[in-house]
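Enquirer: I'd like to go over a predicted model; first the sequence, then the structure.
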Amino acid sequence: MLSIYTTLNPGVERLTGKGINIRFKELQSDIGFIKDLELSIGKLSEERWSEPQGPTPFPSIIALRNWDRQLLKRYPPFYLPFCDLCCLCTYGKCDLTGTKRGACGITIGAQQSRMVLLATCIGAATHVSHAHELVECAIRKYGAGFPLDPGGLAVEVEAPVIRLVCGIKPEKLGDLEGVLEYLESQVTCLLSSVHTGQEGDNLDLESKVLHAGMIDQVGMEVADIAQISAFGYPKADPDAPLVDLGMATVDTTKPVILIIGHNVPPAISIVDYLAAHRLTDEVTVTGICCTAIDVTRYTANAKIIGPISWQLRYIRSGIPDVIVVDEQCIRTDALYEAEKIHAPFIATSEKNCMGLPNRTQDPADAIVRDLVSGKMPGVLILDPAKVGEVTVRVAREVAPERRKVGSLLSTKEIIELARNCTQCKQCRRACPNDLHIPESMKAATKGNTTMASDMYEVCVGCGRCEQACPQNIPIHTIIISAASRTMGEEKFRCRTGRGAIQDVEIRKVGGPLVLGEIPGVVAFVGCANYPKGGKEVAEMCVEFAKRRYIVCTSGCSAISIGMYRDEEGKTPYEQYPGSFDAGGIVNVGSCVANAHIAGAAIKIASIFARRNLRGNYEEIADYVYNRVGAVGVAWGAMSQKAAAIASGFWRLGIPVVVGPHGTKYRRMLLGRADRDEDWYVHDRRTGNEVYVGPVPEHLFFSAETKEEAMVMIAKLCMRPNDTGKGRAIKLTHYIDLHKRLLGTIPDDIYRYVRTMTDVPITEKEEITRQLHAHDWVENTIPDPTLLLWQIKKQEQ
Amino acid sequence: MTAIEPWQTAEIAGPKRASVIIKPEVADAMIQRAKHPVLIIGHLAAAIDLDDHKMIDYLLLLAQKGHIPIIGTGNTNRELQKRGYREGGIMPAVDIGQRLCDPTWKGLDGKEPYDLAIFAGLPYYMEWTILSGLKHFAPHIKTMTLDNTYQPHAHWSFANISVKDWLENLKAIIENLEG
């Protein structure tokens, strides 16, 4: 055996980034005759990292199945079938109502989990593919040896998720290629499990959902550390710049470029071209969705217009002269909308060609000529550098002719159009939020456009109302036209994405967080499919910042939070610091920067608690689950990526709260607080089983209202490891929010009190009464774990 | 507008769909037949105007006349408190959905499993998904909705009816319970 390794060793370095498989049918060696020997080594690398390798580097899709089962036992799926049928194969459609099984034998429960797995695979594939493009782009520009540097001197644990999952310590861009190879193999394998006649057990499907989430989290980290390193974004900087946000920040006297999507290289090329030609002050670069955040991480001159739901309203305003799209979350009718305002359109991603001719190989002059003349409404250009040149030149040439003409209506036109409304209510029935559109049309016919204007704030900008209207009334345009004054006042400041959390910040807050004295980390992430507008996210964010939680944010939620002001006219980013500390509001960046929030939880285990990260997923997830009071909130979660992001947090033991639309994700993962037997942990010190109460009560929870969400967030921050003082602080917030928002003191406090030191002084009398009523007995506070082998480790 | 179809046009359910409450006596019969009904009231009940009152006022009256315990979801409990009703249980909608799927769960009052769950005032799509969960996983319980929009996943639901018809129906249901 030894001679085999010796022989192979010279080849190891050349095999960096590749897996290796060695198989011997028969082998005669010094130690004897060996038959059917197979060695599989997933990863070989030039090794300079002394941390011992954990048990699950590059885990397969079942390597963490036992951990998943532990979680799923506590939080079994509560299914909310979005459809009673399965229509994935030609046996179907199959009716799966109740206990019926489909032609392949699948049940309604397994089918829901299967659809969730499909969604999370789509999400993970999207992030991994995005990461792949960013890494390739960065390597093309700077070479595979370019060092990864997401945090300068402030960050030593540069890639906590990759270290944890893959068991490697990436140092340069080229190291990420091997990680991507692993991720792509996992997504393929997971997706194959969804095929007809594959996985049929609902909990095994759910375990694979969790694996997809973990893969997604690694993919996001690859993407963000690659772009931070290559493009020179803020490096774990709490004072990342405040940038302009909102339509009213745009100087409409200049040519305006709009970029929509998530994958930033084309946007960066536009900025670079402007800089190289000294045109930065003459052309305005604006963005919607995550590309907007990422381009402002590159240059604070760019402007964020709004979240994903601002696409239709901004395009129809007529302000953008050229529209550039990259990938993800882009309206598929963006080209059609661009044509209506005569704005040339440029698609830049292989994943989103939009039916346009590929002009990548054509000279820039010819492309510019065709777009400016209107010979072509749009083109596909797959070379970011060419996108930069063509976009800027086209914007400068078309802007004087276009004169920002959009499709906004005058009050007179609104009244005329509203008169065509027959009150059939098809618009309201198509509206995701059941907005009272027919009533607003009726009011508009009488010259009152206030109702229409009021809907602007809560409209998610989907445009389904217009599709449903048999009279072809441009309802969305009426809403935004009625709110043109509001649009004209959208002028805010948003802190751009700071990226990772510094190691020193983790050292500072690790203790108070694990002991419960900082009551929790609340992360507002995800899309803008809000039930009542983005204001609710901002209000929740400010409430928890005021209460001295650490508030993190990313993506469209980060944008929405910036769109509201206090009485002094300040946005939350101007009121609260950007540091990862109690009372901070930390915008980590775009969707892929979510990895830094997970990374912070992981780094608490590593830096504060000195647990080994390397390939040691189960132990670290167990640590985070039992000790780090973190909660994710995706109030407007809409996409498959959001599903994958949530799944990644679940596997790490972090609960996620979604808004009411989140029930359409087909199932919740809910605990049963009333079943005491579900809430025992092992005490690592003694091996005893200790009742710790339902903490955290749920892993995936949909709240009906903002008020319910806030109470639940405070509750979900409790962890078994909280000290008495920490638990008392957490209970104080839970009780206070419950009283203020739901009108009463909660009736389940007795479940969360372990010793009398847990009881907040202010409510002692009432709580003591409740404890007596439930025959409460004092319990111990354990050193908690769900893992039996953690006890053995202590004994050894 | 065709009445017996989901309120949100695209929310097409499967083959098993709710029976329509064509007259108030149907709802009354369901309530009176139930041994342990529960009324689950969502936050919209306090926002919807019915005549000079809010929907929640009629639901409260119905609960009192029919001796039906109330569970407030979302932040409904605050509105119940404002109206002097202090016996209401508080539970998030997804939690009550999950609990109802357990045939051994004895309800918030700990008496016996609920056999009729009446829903009202939740966002349409959220009620839709929760009723779907109950349709598939809680065969031991009947479900009814008192909103004025058709919920195909319930056992019993009004069709998409006007506010005027809805109010008349609610008043009649309450009146019949008094009788």
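Expert: Yep, that arrived.
Enquirer: now do the strands in chain B.
Expert: B:19-20, B:37-41, B:49-50, B:53-54, B:70-72, B:89-90, B:116-120, B:142-145, B:156-157 (DSSP state E).
Enquirer: tell me which of these lies nearest to residue A:618.
Expert: strand B:89-90 (36.0 Å; CB to CB). C-beta here means a position set from N, CA and C on the backbone, and glycine is covered the same way.
Enquirer: any bit of stretch B:6-13 sitting next to chain A?
Expert: Yes: contact of stretch B:6-13 with chain A (CB under 8 Å from any CB of the partner chain) involves B:7, B:8, B:9, B:10, B:12, B:13.
Enquirer: gap between that stretch and the chain center?
Expert: What separates the centre of stretch B:6-13 from the centre of its chain is 18 Å, taken as CA atoms, centre = their mean, to the nearest Å.
Enquirer: contacts for that stretch?
Expert: A:83-84, A:426, A:429-430, A:432, A:434, A:468, B:124-125, B:128, B:132, B:149-153, B:160 (CB atoms under 8 Å, 6 or more residues apart in numbering or on different chains).
Enquirer: re earlier: tell me the one of the residues of stretch B:6-13 next to chain A nearest chain A?
Expert: residue B:9 (4.7 Å; CB to the nearest CB).
Enquirer: report how many residues lie close to the closest one.
Expert: 15 (other CB atoms under 10 Å in any protein chain shown).
Enquirer: show the pLDDT at it.
Expert: pLDDT for residue B:9: 92.
Enquirer: ok, it to residue A:434 distance?
Expert: Per CB to CB, to the nearest Å, residue B:9 is found 12 Å from residue A:434.
Enquirer: next up, the contacts around residue 155.
Expert: Picking chain A for this. Contacts of residue A:155 (CB under 8 Å, 6+ apart): A:235, A:236, A:500, A:502, A:503.
Enquirer: switch to chain B, please.
Expert: B:18, B:19, B:142, B:143, B:144.
Enquirer: distance-wise, check it relative to chain A.
Expert: 13 Å (CB to the nearest CB, to the nearest Å).
Enquirer: phi, psi for that residue please.
Expert: phi -70, psi -40 (degrees, to the nearest 10).
Enquirer: and residue A:717, what does it touch?
Expert: If you count contacts by CB under 8 Å, 6+ apart, then residue A:717 has A:519, A:520, A:521, A:522, A:549, A:629, A:630, A:631, A:696, A:730, A:733 around it.
Enquirer: sorry, back to before: just the buried subset of the contacts of residue B:155, written out for ChimeraX, thanks.
Expert: To isolate the buried members of these in ChimeraX, using 16 or more other CB atoms under 10 Å in any protein chain shown:
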select /B:18,142,143,144
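Enquirer: my guess is residue A:618 contacts residue A:55. True?
Expert: Yes: counting by CB atoms under 8 Å, residue A:618 touches residue A:55, with 7.3 Å between them.
Enquirer: what's the burial count for residue A:725?
Expert: By other CB under 10 Å, 13 other residues sit near residue A:725.
Enquirer: that one belongs to a strand, doesn't it?
Expert: No: using DSSP: H, G, I helix; E, B strand; the rest coil, the assignment for residue A:725 is helix, not a strand.
Enquirer: residues contacting it?
Expert: Contacts of residue A:725 (CB under 8 Å, 6+ apart): A:515, A:516, A:517, A:757.
Enquirer: please report how far it lies from chain B.
Expert: Distance from residue A:725 to chain B, by CB to the nearest CB: 28 Å.
Enquirer: how about chain B: which residue is closest to chain A?
Expert: For chain B, CB to the nearest CB, closest residue to chain A: residue B:14, 2.5 Å.
Enquirer: excluding its backbone neighbours, what's nearest that residue?
Expert: If you skip the residues right next to it in sequence, residue B:14 has residue A:84 as its closest partner in space, 2.5 Å away by CB to CB, 6 or more residues apart in numbering or on different chains.
Enquirer: what do you get for residue A:109?
Expert: residue A:202 (4.6 Å).
Enquirer: how close does that neighbour get to chain B?
Expert: In terms of CB to the nearest CB, residue A:202 sits 12 Å off from chain B.
Enquirer: okay, now that residue: neighbour count?
Expert: If we define neighbours as other CB under 10 Å, then residue A:202 has 23 of them.
Enquirer: enumerate every residue touching it.
Expert: Applying CB under 8 Å, 6+ apart, the residues near residue A:202 are A:77, A:107, A:109, A:110, A:112, A:113.
Enquirer: how about the contacts made by the residue positioned nearest the centre of chain B?
Expert: Residue closest to the mean C-alpha point of chain B, counted by CA atoms, centre = their mean, is residue B:119 at 1.9 Å. The contact partners of residue B:119, by CB under 8 Å, 6+ apart, come to B:40, B:42, B:127, B:130, B:131, B:143, B:144, B:145, B:146, B:147, B:151, B:154.
Enquirer: for residue 120, grab the count of nearby residues.
Expert: Since you didn't name a chain, this refers to chain A. Residue A:120: 31 neighbours (other CB under 10 Å).
Enquirer: not quite, go with chain B.
Expert: 23.
Enquirer: which strand residues bridge it?
Expert: residue B:41 (DSSP bridges).
Enquirer: ok, now how distant is it from residue B:140?
Expert: Taken as CB to CB, the span from residue B:120 to residue B:140 is 21 Å.
Enquirer: and for residue A:470?
Expert: In terms of CB to CB, residue A:470 sits 43 Å off from residue B:140.
Enquirer: residues from the stretch 551-700 of chain A in reach of chain B?
Expert: A:660, A:661, A:663, A:664, A:668, A:670, A:672, A:674.
Enquirer: what do you get if the cut-off is 6 Å, keeping everything else the same?
Expert: Listed as neighbours of chain B in the stretch 551-700 of chain A under the rule CB under 6 Å from any CB of the partner chain: A:660, A:663, A:668, A:670.
Enquirer: quick one: name the residues of chain B near chain A.
Expert: Residues of chain B lying near chain A (CB under 6 Å from any CB): B:7-9, B:14-16, B:43, B:73-75, B:77-78, B:81, B:90, B:92-94, B:98, B:123-124, B:126, B:129, B:132-133, B:136.
Enquirer: how about the residue of the stretch 301-450 of chain A found nearest chain B, secondary structure?
Expert: In the stretch 301-450 of chain A, no residue comes nearer to chain B than residue A:429, which is 4.7 Å away by CB to the nearest CB. Of the three states, residue A:429 takes helix under three-state DSSP.
Enquirer: list the residues that contact it.
Expert: By CB atoms under 6 Å, 6 or more residues apart in numbering or on different chains, residue A:429 lies in contact with B:7, B:8, B:9.
Enquirer: report how many residues lie close to residue 109.
Expert: Chain wasn't specified; assuming chain A. So residue A:109, with other CB under 10 Å, has 22 neighbours.
Enquirer: can you look at chain B instead?
Expert: Around residue B:109 there are 12 residues (other CB under 10 Å).
Enquirer: just residue A:142 next, same as before
Expert: Neighbours around residue A:142, by other CB under 10 Å: 14.
Enquirer: ok, and the closest non-adjacent residue to it?
Expert: residue A:230 (5.9 Å).
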